[in-house]
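K.L.:
no FASTA, just this:
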């Protein structure tokens, strides 16, 4: 089952195919799980469906949000891989991504748990649906 189909089933909304393609490209290009990147971008902006979101994947550069979706997803993928390589665990890497405070950052908002839970649902649905 395609990522597009799984997201439509799990999230109960139609994500534009172009958005899904951007996420898939960035994940593949940076050696990152599609489910992790998708979950981060869903949490940050509902995969760019939330009109109030300033960045598709919550990316900031020099204190300003990156508004271009393709740039945001690419930077997010690269950053997530770096954080994981530094922290060696997804909960710590995701807390670092969220707070910018390093691998020892506390995740008081349960951000990592939410991301990992959705990523697991996406992976499970893809396996079940073939």
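P.N.:
Ah, there it is. Just so it is clear, the structure is predicted and the values come from calculations on it, not from any experiment. Numbering: from 1, shown residues only.

K.L.:
quick one: residue 90 from residue 50, how far?
P.N.:
Counting by Cβ to Cβ, to the nearest Å, the separation of residue 90 from residue 50 is 24 Å. To be clear about C-beta, it is placed using only N, CA and C from the backbone, and glycine gets the same treatment.

K.L.:
so between those two, which is more surrounded?
P.N.:
Ranked by neighbour count (other Cβ atoms under 10 Å), residue 90 and residue 50 place residue 90 first, with 18 against 12.

K.L.:
relative to residue 112, how far out is that one?
P.N.:
In terms of Cβ to Cβ, residue 90 sits 7 Å off from residue 112.

K.L.:
can you check residue 33 too?
P.N.:
Counting by Cβ to Cβ, the separation of residue 33 from residue 112 is 14 Å.

K.L.:
one more: residue 60?
P.N.:
From residue 60 over to residue 112 the distance is 18 Å, taken as Cβ to Cβ.

K.L.:
got a list of what the most centrally placed residue in the chain touches?
P.N.:
Compute the mean C-alpha point of the chain, and by Cα atoms, centre = their mean the closest residue is residue 40, 2.4 Å away. Contacts for residue 40 were tallied using Cβ atoms under 8 Å, 6 or more residues apart in numbering; they are 57-58, 76, 80, 94, 97, 115.

K.L.:
of all these, which comes closest to residue 107?
P.N.:
residue 94 (7.2 Å; Cβ to Cβ).

K.L.:
helix or strand: which one has the nearest residue to the closest one once chain neighbours are set aside?
P.N.:
Distance criterion Cβ to Cβ, 6 or more residues apart in numbering; nearest residue to residue 94, sequence neighbours excluded, is residue 112 at 3.8 Å. In this structure, residue 112 is located in helix 111-129 according to DSSP states H and E.

K.L.:
what about that helix, average pLDDT?
P.N.:
Per-residue pLDDT over helix 111-129 has a mean of 90.
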